[in-house]
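# Got a predicted structure here, sequence first:
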Amino acid sequence: MNISKLIKIVAPDVSVNIRPGLHHFAREKDGMICRFHLRVDSAGDGLLVANAAAMARLAPSGVVIAKALLEGNERSAIVARLKKMFRGASAERIAADVAAVERMIARMESPDDGYPILNLADPALGPKSLPLERPIMADVPLCEPARAARVMERLWALGIPHVVFIAPADCNESHLTQAVERGSDLGLITGVRGRGSDLAAANRVAD
């Protein structure tokens, strides 16, 4: 299923007016937190990423719908907004598109045996390879906290929601903990890559 085609309506009368960049959302379902990052590009289209693991490409109308749904807006309000923004789209068509994006978000929260539009861990499982304007994840060698914070702020500004710190064998535990905490504070998905025996030393894994 190609969501970008499904929810593409006609050219908008006015700009979508959603700030380009990353928008972060967290939703709880069945006691688990699912973190969504909506990346809006300058042209108004975008990407919706769930837990830095599954991604859907969205047309401008889909960006508006996804953001509104993740903000908890009512379907009727979303339909009314899109009706004003996009020429020639009936309320019935818009309502169907809203329902389609709502189902897609539910799939991304609980994919079960089905894959969302594109699984970032294994792009071959998606319907086709799709070039991205910018990457979704960046590997960053662990460095002192102030520098790591600047790097992460830059990644956020570029719309890259997932950072993985590369930990050396003799990594500074305080630097590692502070880097992960700062990334979480910014809204980034943060991870650590290193040898298991090194990360298990002392309290690194627990921290």
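Cool, got the structure. Numbers count the residues shown, from 1 in each chain.

# just the strands in the protein please.
Taking DSSP state E as the test, the strands found in the chain are 21-29, 32-40, 46-50, 54-58, 118-119, 137-141, 162-166, 189-193.

# and the ones you listed, which is most packed in?
The densest packing among these, expressed as mean neighbour count by mean count of other C-beta atoms under 10 Å, is seen in strand 46-50 with a mean of 26. All C-beta spots, glycine's among them, are computed from the backbone N, C-alpha and C.

# Which residue, neighbours along the chain excluded, lies closest to Lys29?
In space, not counting the residues next to it along the chain, Lys29 is nearest to Glu109; the distance is 5.3 Å by C-beta to C-beta, 6 or more residues apart in numbering.

# List the contacts of that neighbour.
With contacts taken as C-beta atoms under 8 Å, 6 or more residues apart in numbering, Glu109 has the following neighbours: Arg27, Lys29, Cys34, Ala50.

# Would you confirm that the first one contacts Asn51?
No. In this structure, Arg27 is not within contact of Asn51 by C-beta atoms under 8 Å, at 10.7 Å.

# Name the spans of this protein whose pLDDT lies under the cut-off.
Per-residue confidence for the chain (pLDDT under 70) gives these ranges: 1-16, 111-132, 197-207.

# for Glu102, what are its contacts?
Shown in contact with Glu102 (C-beta under 8 Å, 6+ apart): Leu69, Arg75.

# Could you report the distance from it to Leu58?
For Glu102, the distance to Leu58 under the criterion C-beta to C-beta, to the nearest Å works out to 13 Å.

# the domain parsing of this protein - what is it?
What automatic domain parsing lists as the domains of the chain is 3-125, 137-199.

# Quick check: neighbours shared by Arg27 and Asn51?
Once C-beta under 8 Å, 6+ apart is applied, the residues that Arg27 and Asn51 both contact turn out to be Cys34.
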